[in-house]
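Undergrad: build me a model:
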Amino acid sequence: MFQDRYGNELSTRSAAARDAYAAGVDSLMAATPGMDAHFQAAVTADDGFALGHIALARAKQLLGRGHEAKAPLARARELAAGTTPREQSQIAIFDGILTGQGAAALEAIREHLKSWPRDAMALAPATSVFGLIGFSGLAGREVDQLALLAPLETQYGDDWWYRTQLAFAQIELQMFDEGSRNIEAALAACPRSAHSAHIRGHLFYELGEREAGLSFLTEWMKTYPRDGLMHCHNSWHLALWSIETGRTKDAWRIYEDALRPGAAWGPQINVATDCAAYLVRAEMAGEPRRRDLWQEIAAYTTKWFPKPGLGFVDMHAALAYAMAGDGDALAKFVESPRGPTADMLAPMGRGFDAYASGAWARAVAEIEPLLATHERLGGSRAQRDLLEYLVTSAMMRAGGAEKARSFISKRRPQNGKDGGFPLAGL
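TA: A predicted model of the protein is given here:
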């Protein structure tokens with residue numbers, strides 16, 4: 001029986017299917033283009049290869065084409081009984097993820113790892129800030145992320161994918177020395193991993209090294225195709241660093257070319273959240289409000305995320321409606337909160353609405369209390385800084401520049417380096 005790169009047995013007798021599957025796994029782990037094509041080639045070579053079908057379904061979901069996942073998911077279910085216990089367990093995990101049972105899938109992953117700790121495909125959905133732990137809505141989820149990954153070091157050793165995920169967990173907890181060693185090792189082993197390059201970018205961000213981050217990621221992105229999974233989001237990092245370092249024309253060029261709906265290629269979650277996050281940061285950096293762009297991203301968000309339920313998306317959706325001046329859409333959205341962070345949506349909505357209308361004190365009063373547990377919303381510290389900088393901006397605009405500087409200096413001391421905080425007038 002063939003094995004995957006991690007030594008796990010695969011229920012296929014086709015070398016072509018095995019090779020295509022292995023290529024697909026590496027592509028998924030590195031966010032290079034073609035993961036779905038590799039998995040499609042695997043099941044074309046062996047239609048009875050259950051893991052090939054479930055991996056294809058997962059790839060479709062990650063690429064923002066969840067409607068195309070139904071057929072390969074159904075085929076994997078049909079074939080599951082004829083596979084090994086590990087494969088049956090992995091299929092059940094992805095079945096749960098694909099059908100909206102995230103909490104149950106996370107518990108299934110924890111159980112799965114007790115028997116098959118080197119099943120990286122099964123572990124992957126629980127990793128990163130967009131994973132099942134990242135979007136759990138629980139306080140302490142950053143610590144939980146590291147607690148899941150750290151004990152597996154003896155199993156994965158110097159594996160580049162594992163080192164990438166471990167580094168991100170460490171960086172989010174401000175373990176910069178450890179995170180630096182791991183992400184550098186990951187990039188040395190797999191230089192074209194977009195996830196690794198992305199996380200190296202986060203280390204630059206956390207250390208306040210804007211110029212170095214901009215230089216590194218600009219060079220790295222020169223050969224990364226537009227249809228790569230991380231093209232939109234890595235471009236967001238470039239746009240932020242550009243506007244924070246005074247390269248305003250470059251920032252808007254990146255927005256128009258790589259972030260904006262209709263121009264960007266990326267999963268819908270990245271387009272919806274990265275556009276809103278860029279626009280509000282641009283305004284806080286001194287750019288005039290572009291109501292037309294806010295209305296565009298508000299309409300895009302309504303199309304793809306019409307109902308609340310995922311805190312990270314909800315935060316950006318409420319912001320888009322408020323800044324677009326669509327009070328009716330904002331009211332309807334926050335009146336029916338759902339999901340593990342439902343309690344945070346109403347004050348966020350009120351706070352964003354206050355900020356959009358210039359009611360600075362009210363914006364601070366609504367949003368500042370959320371900062372104590374804003375990790376519950378998911379996403380990275382770099383992304384949730386949107387809330388911290390918005391509070392700081394409102395404090396400053398209310399006439400409290402010294403209070404604002406003291407506030408953000410305590411919360412994000414590293415980001416005052418390399419040119420100061422990215423807020424106009426601070």
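Undergrad: pretty sure Leu98 contacts His67?
TA: No: Leu98 is not in contact with His67 according to Cβ atoms under 8 Å; the separation is 11.3 Å. Heads up, the C-betas are built off the backbone N, CA and C, glycines and all.
Undergrad: which one's more surrounded, those two?
TA: Neighbours were counted for Leu98 and for His67 using other Cβ atoms under 10 Å; Leu98 has more, 20 against 9.
Undergrad: what backbone torsions are found at the more buried one?
TA: phi -70, psi -20 (degrees, to the nearest 10).
Undergrad: report the contact partners of it.
TA: 57-58, 61, 66, 69, 73 (Cβ atoms under 8 Å, 6 or more residues apart in numbering).
Undergrad: same thing but 6 Å
TA: 57, 69, 73 (Cβ atoms under 6 Å, 6 or more residues apart in numbering).
Undergrad: and for Asp326?
TA: Contacts of Asp326 (Cβ under 6 Å, 6+ apart): Ala298.
Undergrad: try it again at 10 Å.
TA: 294-295, 298-299, 302, 320, 332-333 (Cβ atoms under 10 Å, 6 or more residues apart in numbering).
Undergrad: adding secondary structure, pLDDT and distance to Glu142, write those out as TSV.
TA: Below are these laid out as TSV (DSSP: H, G, I helix; E, B strand; the rest coil; pLDDT from 0 to 100; distance: Cβ to Cβ, whole Å):
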residue	secondary structure	pLDDT	distance to Glu142
Trp294	helix	98	30
Gln295	helix	98	34
Ala298	helix	98	30
Ala299	helix	98	33
Thr302	helix	97	31
Ala320	helix	98	26
Lys332	helix	91	32
Phe333	helix	90	27
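Undergrad: can you name the two of these that are farthest apart?
TA: Spatial extent of the contacts of Asp326 (Cβ to Cβ) is set by the pair Trp294 and Lys332 at 17.2 Å.
Undergrad: closest to the centroid, which residue in this protein?
TA: Phe130 (4.3 Å; Cα atoms, centre = their mean).
Undergrad: quick check: phi and psi on that one?
TA: Taking degrees, to the nearest 10 as the convention, Phe130 sits at phi -100, psi 10.
Undergrad: now it: how far from Ser27?
TA: 18 Å (Cβ to Cβ, to the nearest Å).
Undergrad: for Phe305, same thing?
TA: 27 Å.
Undergrad: if we can go back for a sec, inside helices: which ones of the contacts of Leu98?
TA: Per DSSP state H, helices hold the following members of those: 57, 73.
Undergrad: most neighbours, which of the contacts of Leu98?
TA: In the contacts of Leu98, the most neighbours by other Cβ under 10 Å go to Ala57, 28 neighbours.
Undergrad: list the contacts for it?
TA: 36, 39, 66, 68-77, 91, 94-95, 97-98.
Undergrad: just the buried residues of those residues.
TA: 36, 39, 69, 72-73, 75-77, 91, 94-95, 97-98 (16 or more other Cβ atoms under 10 Å).
Undergrad: grab the nearest non-local neighbour of Glu142.
TA: The shortest distance from Glu142 to any non-neighbouring residue, by Cβ to Cβ, 6 or more residues apart in numbering, is to Glu172 (5.1 Å).
Undergrad: that neighbour contacts Leu166, doesn't it?
TA: No: with contact defined as Cβ atoms under 10 Å, Glu172 does not reach Leu166; the gap is 11.1 Å.
Undergrad: please say which of those two ends up with more neighbours.
TA: Legend: neighbour count by other Cβ under 10 Å for Glu172 and Leu166, higher for Leu166 (28 against 24).
Undergrad: now that one: which helix or strand?
TA: Secondary structure assignment for Leu166, by DSSP states H and E: helix 160-172.
Undergrad: list the helices and strands that helix packs on?
TA: Judged by 3 or more Cβ pairs under 10 Å, 6 or more residues apart in numbering; DSSP states H and E, the packing partners of helix 160-172 are helix 15-30, helix 120-123, helix 141-149, helix 153-156, helix 176-189, helix 194-206, helix 381-397.
Undergrad: at 7 Å instead, please
TA: With contacts taken as 3 or more Cβ pairs under 7 Å, 6 or more residues apart in numbering; DSSP states H and E, helix 160-172 sits against helix 141-149, helix 176-189, helix 194-206.
Undergrad: what about the strands in the protein?
TA: For the chain, strands defined by DSSP state E do not occur.
Undergrad: quick one: low-confidence parts of it?
TA: 425 (pLDDT under 70).
Undergrad: would you map out the domains in it?
TA: Per the record, the chain has its domains at 1-126, 163-416, by automatic domain parsing.
Undergrad: what's the closest of those domains to Ala139?
TA: Among the domains of the chain, domain 163-416 sits nearest to Ala139 (Cβ to Cβ), with 5.0 Å.
Undergrad: end-to-end on that closest one?
TA: 29 Å (Cα to Cα, to the nearest Å).
Undergrad: kindly report the same for stretch 366-375.
TA: Termini of stretch 366-375 sit 17 Å apart (Cα to Cα).
Undergrad: buried residues in that stretch, which are they?
TA: Neighbour-count burial for stretch 366-375 [16+ other Cβ under 10 Å]: 366-368, 370, 374-375.
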